[in-house]
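1. I'd like to go over a predicted model; first the sequence, then the structure.
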Amino acid sequence: MSRENKADIFSDDIDLKCLFDIINPENNLVLADDMMLSAADGTILRVSETYEQNFGFAHGSIVGKSAFDLEADGTFSPCITARVIRERSKVITTQTINRTHKNVMTVGIPLFDSRGTLKYAVCFNTVSMEQINTILRNYHDLQESVEQYTAELAELRTRATATGKLVFRSPAMQRLWTLMQNTANTKANILITGETGVGKSAVAKTIHKMSGRADGPFIEVNCAVLHENLIESELFGYEKGAFTGASSAGKIGKIELANHGTLFLDEIGELPTHIQSKLLQLIQEKTIERLSGTKKIELDFRLIVATNRDLEEEVRKGLFRSDLFYRLNVIRMHIPPLRERTEDILPLAHQFLSRFSQEYGKTLSFSPRFPGFLESCPWPGNVRELENLVERVVITAQGPIVDLTDLPPELSGPAGPQAVQAAGPLSRRMDDYERQIILDSYARNKTTVAVAKELGISQATAARKIAKYTRE
Ligand SMILES: Nc1ncnc2c1ncn2[C@@H]1O[C@H](COP(=O)(O)OP(=O)(O)OP(=O)(O)O)[C@@H](O)[C@H]1O
């Protein structure tokens, strides 16, 4: 062994001068911890006083004996001192002291003189195996708790940062939330269904924020309000001079803008059939070609679509491509209407009250009977309607407590939010009538096509008016 190595062993583990002080019995040093000093031939020179108490060896009964003999008769198994002497190197292992059946972790080190001759072996019992096992158990318990807290923290963080405004208490929304968490980071297409105003866009935005694409763009396209002639260029973009009236510089389409992010196509049921085919191709190939373009552009985006139509029914009627439907319907998220999850009404109302109070610089709270009124409303316009109502009462509230008396007359009556004002300018009252007619037709017919047919207007007009009145 080189001098360098010896020096390592000495300096690494123990102060040499201190050791010689310990070995010298004249110094009468008390060894508080389990420690055994042996000569290079294995003769035990000293053990600490604790040996008797811990292992049943009185000092006199073991000092002078050979470590090799104690190895052979099984007193120590294995005998670390014997191993250190044989291997001339540091040994760290567990050993059993058979007299007491104690299992301990022991460190044994060789001590050499300056010529490299082995002079002593020193062994320390560090901790018992029971202690190690207790430590291990505690460690595993802690590890489990840490894992649990980490998961909870991640969920709370996701909720805090991702939901922003997504409020819910109902079991149905809790189940939806779990599904959102489990699927946010996958590439699978998502189809969100539910009546107008239930929160389909809000859910789509939240999924985007929860996903690994959160730093990328979230591009929302409402297929119902895009004019049929413009929808293709809006979605796919075009090269310069593609058609009369096109910008001379060309235009990047919404789909391309969603690259590395999320593309959210709202009201997917309104897509004309020729665009449905192009969308199907886009989903299959993940490439687009701009109008009048010659090259394919590769894209990487997550597709979420939403509809308040019964798409299966549309497929049956031949109005929606079945192959596209199956491609979109990979993960289905249905948001129930607010009237079917009344547990959500008050948390939502309180959230809107605090948001609008802040926005309008007021400090407001609901009167005791106000929540009951909110819960009894049918909310045909769902969360959007509730949001609008709370905004209105925040604006009109006279005192710090919002009460039924603060409701505008058309809201407090049994006819509900869609009632027509009894007085006021003609244009406003006409609008009210139109709103009532459009929303009533939409509530019964469910689709813009059917509304258009019933009222004798174009589908585009029906879609625009529905969007206008459900957003108001
Ligand atoms: N769970 C919710 N928590 C907080 N705000 C919500 C929640 N759900 C919906 N909202 C709010 O209600 C309003 C309407 O929601 P959203 O636009 O997402 O509905 P939608 O189902 O997409 O409507 P449409 O069918 O008309 O497109 C939005 O202002 C949205 O932020």
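-> Yes, it's here. The shown structure was predicted, so the numbers you read here are calculated from the model rather than taken from an experiment. Residues are numbered from 1 along each chain as shown.
2. Could I have the CA atoms of stretch 65-79 written out in PDB?
-> Extracted C-alpha coordinates of stretch 65-79, given in PDB (Å, rounded to 0.1, in the frame of the first residue of the first chain):
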ATOM      1  CA  LYS A  65      -8.800 -12.800  23.100                       C
ATOM      2  CA  SER A  66      -8.100 -13.200  19.400                       C
ATOM      3  CA  ALA A  67     -10.600 -11.800  17.000                       C
ATOM      4  CA  PHE A  68     -10.000 -14.800  14.700                       C
ATOM      5  CA  ASP A  69     -11.000 -17.100  17.600                       C
ATOM      6  CA  LEU A  70     -14.200 -15.100  18.200                       C
ATOM      7  CA  GLU A  71     -14.800 -15.400  14.400                       C
ATOM      8  CA  ALA A  72     -14.300 -19.100  14.500                       C
ATOM      9  CA  ASP A  73     -16.500 -19.800  17.500                       C
ATOM     10  CA  GLY A  74     -19.300 -17.500  16.000                       C
ATOM     11  CA  THR A  75     -19.200 -14.900  18.700                       C
ATOM     12  CA  PHE A  76     -19.200 -12.300  16.000                       C
ATOM     13  CA  SER A  77     -20.600 -13.100  12.600                       C
ATOM     14  CA  PRO A  78     -19.000 -11.900  10.600                       C
ATOM     15  CA  CYS A  79     -16.100 -10.600  12.800                       C
END
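3. what comes into contact with it?
-> Defining contact as CB atoms under 8 Å, 6 or more residues apart in numbering, one finds that stretch 65-79 is touched by 38, 41-44, 62, 81-82, 85, 93, 95-99, 121. Heads up, the C-betas are built off the backbone N, CA and C, glycines and all.
4. same thing but at 10 Å, please
-> 36, 38-39, 41-44, 55, 57, 62, 80-86, 91, 93-99, 104, 106, 108, 121, 123 (CB atoms under 10 Å, 6 or more residues apart in numbering).
5. Buried subset of those residues, written for PyMOL?
-> To isolate the buried ones among these in PyMOL, judged by 16 or more other CB atoms under 10 Å, type:
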select buried, resi 36+38+39+42+43+44+55+57+62+80+81+82+83+84+85+91+94+95+96+97+104+106+108+121+123
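6. Which ones among the contacts of stretch 65-79 lie within strands?
-> Among the contacts of stretch 65-79, the ones falling in strands (DSSP state E) are 36, 38-39, 44, 91, 93-97, 104, 106, 108, 121, 123.
7. Chain neighbours aside, what residue packs nearest to whichever residue of the chain sits closest to the ligand?
-> Here the residue of the chain nearest the ligand is Gly199; by CB to the nearest ligand atom that distance is 2.6 Å. Sequence neighbours aside, Val383 is the residue nearest to Gly199 in space, at 5.2 Å (criterion: CB to CB, 6 or more residues apart in numbering).
8. Val104 and Asn54 touch, don't they?
-> Yes: if you go by CB atoms under 10 Å, Val104 and Asn54 touch, sitting 8.4 Å apart.
9. how about Gly361, secondary structure?
-> coil (DSSP: H, G, I helix; E, B strand; the rest coil).
10. Just the buried residues of the helix or strand containing Phe264, please?
-> Phe264 belongs to strand 262-266 when assigned by DSSP states H and E. Counting neighbours by 16+ other CB under 10 Å, one finds that the buried residues in strand 262-266 are Thr262, Leu263, Phe264, Leu265, Asp266.
11. Summarise which helices and strands it is packed against.
-> For strand 262-266, the packing partners by 3 or more CB pairs under 10 Å, 6 or more residues apart in numbering; DSSP states H and E come out as strand 190-193, helix 200-210, strand 218-222, helix 254-257, strand 302-307.
12. Show me the strands paired with it, marking each as parallel or antiparallel.
-> Its sheet considered, strand 262-266 pairs with strand 218-222 (parallel), strand 302-307 (parallel) by DSSP bridges.
13. what angle sits between the longest one and helix 200-210?
-> Orientation of strand 302-307 against helix 200-210 (axes from the mean of the first three to the mean of the last three CA atoms, to 10 degrees) gives an angle of 170 degrees.
14. sorry, back to before: the residue nearest to Gly199 and Ala202, how far apart?
-> 8 Å (CB to CB, to the nearest Å).
15. same check, this time on Pro368
-> 29 Å.
16. List the residues that contact Ile132.
-> So Ile132 contacts Thr94, Asn103, Val104, Met105, Thr126, Tyr139 (CB under 10 Å, 6+ apart).
17. ok so, going back, between Pro368 and Ala202, who's got more neighbours?
-> Taking other CB atoms under 10 Å, Pro368 and Ala202 do not tie; Ala202 has more neighbours (19 against 8).
18. Kindly provide the distance from the closest residue in space to the more buried one that isn't next to it in sequence to Thr273.
-> Once flanking residues are discounted, Ala202 sits nearest to Leu166: 5.8 Å by CB to CB, 6+ apart. Applying CB to CB, the value for Leu166 to Thr273 is 34 Å.
19. what's the answer for Gly194, then?
-> For Gly194, the distance to Thr273 - CB to CB - is 24 Å.
20. Could you do Tyr433 as well?
-> Taking CB to CB, one finds Tyr433 at 34 Å from Thr273.
21. domains of this structure?
-> 3-133, 164-336, 341-471 (automatic domain parsing).
22. of those, which approaches Gln143 most closely?
-> Gln143 lies closest to domain 3-133 among the domains of the chain, at 15.1 Å (CB to CB).
23. Let me see the mean pLDDT of the closest one.
-> Regarding domain 3-133, the rounded mean pLDDT is 78.
24. which residues touch Thr461?
-> Taking CB under 10 Å, 6+ apart, one finds Ile438, Thr448, Val451, Ala452, Leu455 in contact with Thr461.
25. that older thread, you'd agree the residue nearest to Ala202 is up against Lys200?
-> No: assessed by CB under 10 Å, Leu166 is found out of contact with Lys200, at 11.9 Å.
26. what about those two, which has more around it?
-> Lys200 (25 against 19).
27. what's the pLDDT at that one?
-> Reading off the model, Lys200 has pLDDT 95.
28. Tell me the spacing between Asp323 and Ser38.
-> From Asp323 to Ser38 the distance is 83 Å (CB to CB).
29. And for Met105?
-> From Met105 to Ser38 the distance is 19 Å (CB to CB).
30. How about Glu267?
-> Distance from Glu267 to Ser38, by CB to CB: 86 Å.
31. which one is Val63 nearest to, not counting chain neighbours?
-> Ile44 (5.5 Å).
32. hmm, which helix or strand of the protein has the shakiest average pLDDT?
-> In the chain, no helix or strand scores lower on mean pLDDT, DSSP states H and E than helix 3-13, which sits at a mean of 39.
33. if we can go back for a sec, can you list the contacts of Ile132 in JSON lines and add distance to the ligand?
-> Formatted as JSON lines, the contacts of Ile132 follow (distance: CB to the nearest ligand atom, whole Å):
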{"residue": "Thr94", "distance to the ligand": "58"}
{"residue": "Asn103", "distance to the ligand": "58"}
{"residue": "Val104", "distance to the ligand": "60"}
{"residue": "Met105", "distance to the ligand": "56"}
{"residue": "Thr126", "distance to the ligand": "57"}
{"residue": "Tyr139", "distance to the ligand": "41"}
